[in-house]
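Trainee: Model the following, please.
(one chain, ligands or ions: 1)
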Amino acid sequence: MASKRGALIVLEGVDRAGKTTQCKKLVQALQQSGRPAEMMRFPDRSTTIGQLISAYLEKKSDLEDHTVHLLFSANRWELVPIMKKKLDQGITLVVDRYAFSGAAFTSAKPGFCLDWCKRPDVGLPKPDLVMFLQLNPAEAALRGQFGNERYETSAFQKSVQERFEQLMKDPSVNWKVIDASQNVEEVHADIRTHSLNAINETQNMPLGELWK
Ligand code: NYM
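Mentor: Residues are numbered from 1 along each chain as shown. Below is the predicted model of the structure:
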(Lines give C-alpha, C1' and ligand atoms only; values in the text may rest on other atoms or scores of the structure.)
Protein backbone atom coordinates (compact mmCIF):
# COMPACT_ATOMS: atom_id res chain seq x y z
CA MET A 1 0.00 0.00 0.00
CA ALA A 2 1.27 3.48 -0.85
CA SER A 3 2.32 5.49 2.19
CA LYS A 4 -0.06 8.10 3.52
CA ARG A 5 0.27 11.68 2.36
CA GLY A 6 0.26 14.72 4.61
CA ALA A 7 -2.67 17.14 4.66
CA LEU A 8 -2.60 20.66 3.25
CA ILE A 9 -4.11 22.88 5.92
CA VAL A 10 -4.54 26.65 5.44
CA LEU A 11 -5.36 29.40 7.92
CA GLU A 12 -6.93 32.55 6.54
CA GLY A 13 -8.46 35.67 8.01
CA VAL A 14 -8.08 39.43 8.12
CA ASP A 15 -4.98 40.95 9.72
CA ARG A 16 -4.62 40.50 13.52
CA ALA A 17 -6.96 37.50 13.66
CA GLY A 18 -4.15 35.41 15.19
CA LYS A 19 -3.25 33.23 12.19
CA THR A 20 0.50 33.11 12.75
CA THR A 21 0.21 32.26 16.47
CA GLN A 22 -2.30 29.53 15.69
CA CYS A 23 -0.24 28.07 12.83
CA LYS A 24 2.74 27.72 15.17
CA LYS A 25 0.67 26.13 17.92
CA LEU A 26 -0.91 23.68 15.50
CA VAL A 27 2.44 22.56 14.07
CA GLN A 28 3.77 22.08 17.61
CA ALA A 29 0.71 20.07 18.68
CA LEU A 30 0.86 17.83 15.60
CA GLN A 31 4.57 17.20 16.06
CA GLN A 32 4.11 16.42 19.75
CA SER A 33 1.49 13.82 18.86
CA GLY A 34 3.96 12.16 16.48
CA ARG A 35 2.56 13.57 13.22
CA PRO A 36 5.15 15.14 10.91
CA ALA A 37 4.16 18.75 10.28
CA GLU A 38 5.77 21.94 9.01
CA MET A 39 4.66 25.54 8.73
CA MET A 40 4.76 27.63 5.57
CA ARG A 41 3.59 31.17 4.95
CA PHE A 42 2.60 33.28 1.99
CA PRO A 43 4.01 35.54 0.88
CA ASP A 44 7.28 33.66 1.38
CA ARG A 45 9.53 36.71 1.54
CA SER A 46 12.76 34.68 1.29
CA THR A 47 12.70 34.07 -2.48
CA THR A 48 13.62 36.58 -5.20
CA ILE A 49 9.93 37.08 -6.01
CA GLY A 50 9.14 37.26 -2.29
CA GLN A 51 11.65 40.07 -1.85
CA LEU A 52 9.90 42.13 -4.56
CA ILE A 53 6.60 41.57 -2.73
CA SER A 54 8.12 42.43 0.62
CA ALA A 55 9.53 45.74 -0.65
CA TYR A 56 6.09 46.56 -2.07
CA LEU A 57 4.30 45.74 1.21
CA GLU A 58 6.82 47.79 3.17
CA LYS A 59 6.17 50.69 0.74
CA LYS A 60 9.82 50.72 -0.31
CA SER A 61 8.72 50.22 -3.92
CA ASP A 62 5.62 50.75 -6.02
CA LEU A 63 4.25 48.06 -8.30
CA GLU A 64 1.28 48.18 -10.66
CA ASP A 65 -1.70 46.39 -9.05
CA HIS A 66 -2.07 43.55 -11.61
CA THR A 67 1.68 43.01 -11.54
CA VAL A 68 1.89 42.58 -7.79
CA HIS A 69 -1.13 40.27 -7.84
CA LEU A 70 0.64 38.02 -10.34
CA LEU A 71 3.81 38.12 -8.23
CA PHE A 72 1.89 36.91 -5.17
CA SER A 73 0.56 34.05 -7.28
CA ALA A 74 3.99 33.29 -8.78
CA ASN A 75 5.35 33.16 -5.22
CA ARG A 76 2.90 30.31 -4.50
CA TRP A 77 3.61 28.48 -7.75
CA GLU A 78 7.36 28.59 -7.20
CA LEU A 79 6.87 26.70 -3.92
CA VAL A 80 4.53 24.03 -5.38
CA PRO A 81 7.24 21.43 -6.17
CA ILE A 82 8.49 21.61 -2.56
CA MET A 83 4.95 21.48 -1.18
CA LYS A 84 4.06 18.41 -3.23
CA LYS A 85 7.27 16.66 -2.22
CA LYS A 86 6.64 17.25 1.47
CA LEU A 87 2.99 16.17 1.27
CA ASP A 88 4.08 12.99 -0.56
CA GLN A 89 6.55 12.31 2.23
CA GLY A 90 3.65 12.33 4.69
CA ILE A 91 4.36 15.79 6.09
CA THR A 92 1.29 17.87 6.93
CA LEU A 93 1.72 21.49 5.82
CA VAL A 94 0.17 24.23 7.93
CA VAL A 95 0.04 27.32 5.74
CA ASP A 96 -0.37 30.91 6.95
CA ARG A 97 -2.39 32.52 4.06
CA TYR A 98 -2.79 31.11 0.55
CA ALA A 99 -4.61 31.92 -2.69
CA PHE A 100 -7.68 33.10 -0.75
CA SER A 101 -5.73 36.05 0.67
CA GLY A 102 -4.47 36.66 -2.85
CA ALA A 103 -8.00 36.93 -4.27
CA ALA A 104 -9.50 38.74 -1.26
CA PHE A 105 -6.85 41.46 -1.01
CA THR A 106 -6.50 42.32 -4.71
CA SER A 107 -10.23 42.19 -5.38
CA ALA A 108 -10.73 44.71 -2.55
CA LYS A 109 -8.90 47.23 -4.78
CA PRO A 110 -10.99 49.35 -7.17
CA GLY A 111 -11.45 47.86 -10.63
CA PHE A 112 -10.76 44.20 -9.74
CA CYS A 113 -13.27 41.37 -9.73
CA LEU A 114 -12.93 38.18 -7.73
CA ASP A 115 -13.07 36.01 -10.83
CA TRP A 116 -10.03 37.66 -12.48
CA CYS A 117 -8.15 37.57 -9.18
CA LYS A 118 -8.68 33.81 -8.76
CA ARG A 119 -7.48 32.87 -12.25
CA PRO A 120 -3.68 32.75 -11.77
CA ASP A 121 -4.09 30.40 -8.79
CA VAL A 122 -6.39 27.91 -10.55
CA GLY A 123 -4.79 24.47 -10.31
CA LEU A 124 -2.62 25.08 -7.24
CA PRO A 125 -2.58 22.20 -4.74
CA LYS A 126 -6.03 22.30 -3.18
CA PRO A 127 -6.09 22.62 0.60
CA ASP A 128 -7.80 19.74 2.39
CA LEU A 129 -9.03 22.25 4.97
CA VAL A 130 -9.22 26.05 5.06
CA MET A 131 -9.96 27.60 8.44
CA PHE A 132 -11.13 31.20 8.44
CA LEU A 133 -10.37 33.00 11.70
CA GLN A 134 -13.40 35.22 12.11
CA LEU A 135 -12.96 38.42 14.09
CA ASN A 136 -15.21 41.45 13.88
CA PRO A 137 -13.58 44.86 13.33
CA ALA A 138 -14.38 46.08 16.88
CA GLU A 139 -12.57 43.08 18.40
CA ALA A 140 -9.69 43.47 15.97
CA ALA A 141 -9.36 47.13 17.04
CA LEU A 142 -9.00 46.01 20.67
CA ARG A 143 -5.88 44.10 19.66
CA GLY A 144 -4.03 47.36 19.04
CA GLN A 145 -2.91 49.49 16.15
CA PHE A 146 -2.32 48.27 12.63
CA GLY A 147 1.26 48.15 11.43
CA ASN A 148 2.62 50.38 8.70
CA GLU A 149 2.47 47.97 5.78
CA ARG A 150 0.25 48.43 2.78
CA TYR A 151 -3.42 47.35 3.24
CA GLU A 152 -3.27 47.87 7.02
CA THR A 153 -6.24 50.23 7.38
CA SER A 154 -9.68 49.40 8.79
CA ALA A 155 -11.52 50.52 5.64
CA PHE A 156 -9.46 48.24 3.40
CA GLN A 157 -9.70 45.31 5.84
CA LYS A 158 -13.49 45.67 5.83
CA SER A 159 -13.55 45.20 2.03
CA VAL A 160 -11.16 42.27 2.36
CA GLN A 161 -13.51 40.66 4.89
CA GLU A 162 -16.41 41.02 2.41
CA ARG A 163 -14.36 39.36 -0.32
CA PHE A 164 -13.49 36.47 2.00
CA GLU A 165 -17.21 36.07 2.69
CA GLN A 166 -17.80 35.73 -1.07
CA LEU A 167 -15.02 33.16 -1.34
CA MET A 168 -16.45 31.14 1.55
CA LYS A 169 -19.68 30.55 -0.39
CA ASP A 170 -17.76 28.19 -2.68
CA PRO A 171 -18.70 24.65 -1.63
CA SER A 172 -15.79 23.12 -3.59
CA VAL A 173 -13.48 24.31 -0.80
CA ASN A 174 -13.60 22.74 2.68
CA TRP A 175 -14.09 25.94 4.70
CA LYS A 176 -14.47 26.00 8.48
CA VAL A 177 -15.14 29.26 10.28
CA ILE A 178 -13.36 29.59 13.62
CA ASP A 179 -14.45 32.11 16.26
CA ALA A 180 -11.19 34.00 16.75
CA SER A 181 -12.61 36.12 19.58
CA GLN A 182 -12.17 33.14 21.96
CA ASN A 183 -8.95 32.90 23.95
CA VAL A 184 -5.83 31.48 22.30
CA GLU A 185 -6.26 27.99 23.79
CA GLU A 186 -9.93 27.73 22.83
CA VAL A 187 -9.17 28.78 19.27
CA HIS A 188 -6.32 26.26 19.20
CA ALA A 189 -8.60 23.45 20.42
CA ASP A 190 -11.08 24.12 17.58
CA ILE A 191 -8.31 24.27 15.02
CA ARG A 192 -6.70 21.07 16.30
CA THR A 193 -9.98 19.15 16.12
CA HIS A 194 -10.70 20.20 12.54
CA SER A 195 -7.10 19.50 11.53
CA LEU A 196 -7.01 15.99 12.99
CA ASN A 197 -10.25 15.18 11.18
CA ALA A 198 -8.85 16.50 7.90
CA ILE A 199 -5.59 14.57 8.33
CA ASN A 200 -7.49 11.32 8.94
CA GLU A 201 -10.01 11.85 6.17
CA THR A 202 -7.58 12.82 3.43
CA GLN A 203 -4.52 10.66 4.04
CA ASN A 204 -5.58 8.08 1.43
CA MET A 205 -7.08 10.58 -1.01
CA PRO A 206 -5.23 12.23 -3.88
CA LEU A 207 -4.39 15.91 -3.57
CA GLY A 208 -6.92 18.05 -5.44
CA GLU A 209 -6.52 21.07 -7.72
CA LEU A 210 -7.80 24.39 -6.47
CA TRP A 211 -10.78 26.08 -8.23
CA LYS A 212 -10.71 23.53 -11.07
N1 NYM B 1 -1.41 39.43 0.73
C2 NYM B 1 -1.03 38.18 1.03
C3 NYM B 1 -1.86 39.76 -0.56
O4 NYM B 1 -2.20 40.90 -0.83
N5 NYM B 1 -1.90 38.77 -1.50
C6 NYM B 1 -1.52 37.48 -1.25
O7 NYM B 1 -1.57 36.62 -2.14
C8 NYM B 1 -1.07 37.16 0.09
C9 NYM B 1 -0.63 35.77 0.40
O10 NYM B 1 0.07 40.62 2.07
N11 NYM B 1 -1.65 42.24 4.34
C12 NYM B 1 -1.29 40.50 1.73
C13 NYM B 1 -2.01 40.24 3.01
C14 NYM B 1 -1.16 40.91 4.06
C15 NYM B 1 0.23 40.92 3.46
O16 NYM B 1 1.18 40.04 5.39
C17 NYM B 1 1.15 39.88 4.05
P18 NYM B 1 1.76 38.96 6.44
O19 NYM B 1 1.77 39.79 7.67
O20 NYM B 1 3.13 38.60 5.94
O21 NYM B 1 0.83 37.80 6.50
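Trainee: use CA for all of it now, contacts and neighbours both
Mentor: OK.
Trainee: which residues touch the helix or strand bottoming out on mean pLDDT in the chain?
Mentor: Among the helices and strands of the chain, helix 137-142 carries the lowest confidence by mean pLDDT, DSSP states H and E, at a mean of 77. With C-alpha atoms under 8 Å, 6 or more residues apart in numbering as the test, helix 137-142 has contacts from Arg16, Ala17, Ser154, Lys158, Ser181.
Trainee: try it again with 6 Å
Mentor: For helix 137-142, there are no surrounding residues in contact (C-alpha atoms under 6 Å, 6 or more residues apart in numbering).
Trainee: Could you report the separation of the closest residue to the ligand within the chain from Phe42?
Mentor: Residue of the chain nearest the ligand, by C-alpha to the nearest ligand atom: Gly102 (3.0 Å). Gly102 sits 9 Å away from Phe42, going by C-alpha to C-alpha, to the nearest Å.
Trainee: ok, these two, which is more surrounded?
Mentor: Gly102 (24 against 18; other C-alpha atoms under 10 Å).
Trainee: Now do the contacts for the residue nearest the centre of the chain.
Mentor: The residue lying closest to the centre of the chain (C-alpha atoms, centre = their mean) is Arg97, at 2.0 Å. Contact analysis of Arg97 by C-alpha under 6 Å, 6+ apart lists Leu11, Glu12, Phe42.
Trainee: Next, format those residues as CSV and append distance to the ligand, secondary structure and pLDDT.
Mentor: Conversion of the contacts of Arg97 to CSV gives the following (distance: C-alpha to the nearest ligand atom, whole Å; DSSP: H, G, I helix; E, B strand; the rest coil; pLDDT from 0 to 100):
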residue, distance to the ligand, secondary structure, pLDDT
Leu11, 11, strand, 98
Glu12, 9, strand, 98
Phe42, 4, coil, 98
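Trainee: want to throw the residues you listed into TSV with distance to Asp190?
Mentor: Below are the contacts of Arg97 laid out as TSV (distance: C-alpha to C-alpha, whole Å):
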residue	distance to Asp190
Leu11	12
Glu12	15
Phe42	23
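Trainee: burial measure for Ile110, as a count.
Mentor: Careful, residue 110 is Pro; it's not Ile. Residues near Pro110, counting by other C-alpha under 10 Å: 8.
Trainee: For this structure, what lies in contact range of the ligand?
Mentor: Within the chain, the residues that sit near the ligand (C-alpha under 6 Å from any ligand atom) are Phe42, Pro43, Phe72, Arg97, Tyr98, Ala99, Ser101, Gly102, Phe105, Thr106, Tyr151.
Trainee: In helices, which of the residues you listed appear?
Mentor: Phe72, Ala99, Ser101, Gly102, Phe105, Thr106 (DSSP state H).
Trainee: Please consider this matter closed, and thank you.
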